[in-house]
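1. Quick check, what structure comes out for this input:
(one chain, ligands or ions: 1)
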Amino acid sequence: MKQRKCQGCKQLKSADLMHKITREYKSGEVFLNPSSKILGRSAYICKNKECIKAALKKKTLKNALKINDLTQIEQELLNIIVES
Ligand SMILES: [Zn+2]
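-> Prediction:
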């Protein structure tokens, strides 16, 4: 099982236990990418509130994706927090 580093807690975990967030190569848009259908630069976050909040607050997600504006995906991630 492939391991990926969480952008919140920085721990290595199995990728299928995490949210995958990808900046698509062609469009530069950022998506939640659970099925890995979107090709691009990806970052991973554990599926818990603390790690999502930490990744947004510390701007590690921006750095990992090399993007300045995460407004769209931030809202999606915050919606996940509300739903869980
Ligand atoms: Zn984490």
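
2. list the buried ones in the helix or strand containing Arg23?
-> Secondary structure assigned from DSSP states H and E places Arg23 in strand 18-24. By neighbour count on 16 or more other C-beta atoms under 10 Å, the buried set for strand 18-24 is Met18, His19, Lys20, Ile21, Thr22, Arg23. For every residue, glycine as well, the C-beta is placed using N, CA and C.

3. Could you do stretch 35-47 as well?
-> When burial is assessed from 16+ other C-beta under 10 Å, stretch 35-47 yields the following buried residues: Ile38, Gly40, Ser42, Ala43, Tyr44, Ile45, Cys46.

4. which of these are close to the ion?
-> Cys46 (C-beta under 5 Å from the ion).

5. hang on, the earlier thing: beyond the strand holding Arg23, next helix or strand please.
-> strand 30-32.

6. Need the residues that contact that next one.
-> Under the contact criterion C-beta atoms under 8 Å, 6 or more residues apart in numbering, strand 30-32 has outside partners 19-24, 38, 65, 67, 70, 72-73, 76-77.

7. quick one: which of the residues you listed is nearest to the ion?
-> His19 (9.7 Å; C-beta to the ion).

8. hey, what's the closest one bridged with?
-> Note on His19: beta-bridge partners Ile45, judged by DSSP bridges.

9. For Lys57, what are phi and psi?
-> In terms of degrees, to the nearest 10, the main-chain angles of Lys57 are phi -70, psi -40.

10. again with Leu39
-> Main-chain dihedrals, Leu39, degrees, to the nearest 10: phi -100, psi 130.

11. need the contact list for it.
-> Thr22, Glu24, Tyr25.

12. neighbouring contacts of stretch 67-84?
-> By C-beta under 8 Å, 6+ apart, stretch 67-84 touches 19, 21, 23, 28-32, 45, 47-49, 52-53, 55-56, 61-62.

13. are any of those buried, and which?
-> His19, Ile21, Arg23, Val30, Phe31, Ile45, Asn48, Ile52, Ala55, Leu56, Leu61, Lys62.

14. wait, doesn't the third one sit right on Glu29?
-> Spelled out, it's Arg23. Yes. Using C-beta atoms under 8 Å, Arg23 is in contact with Glu29, at 7.2 Å.
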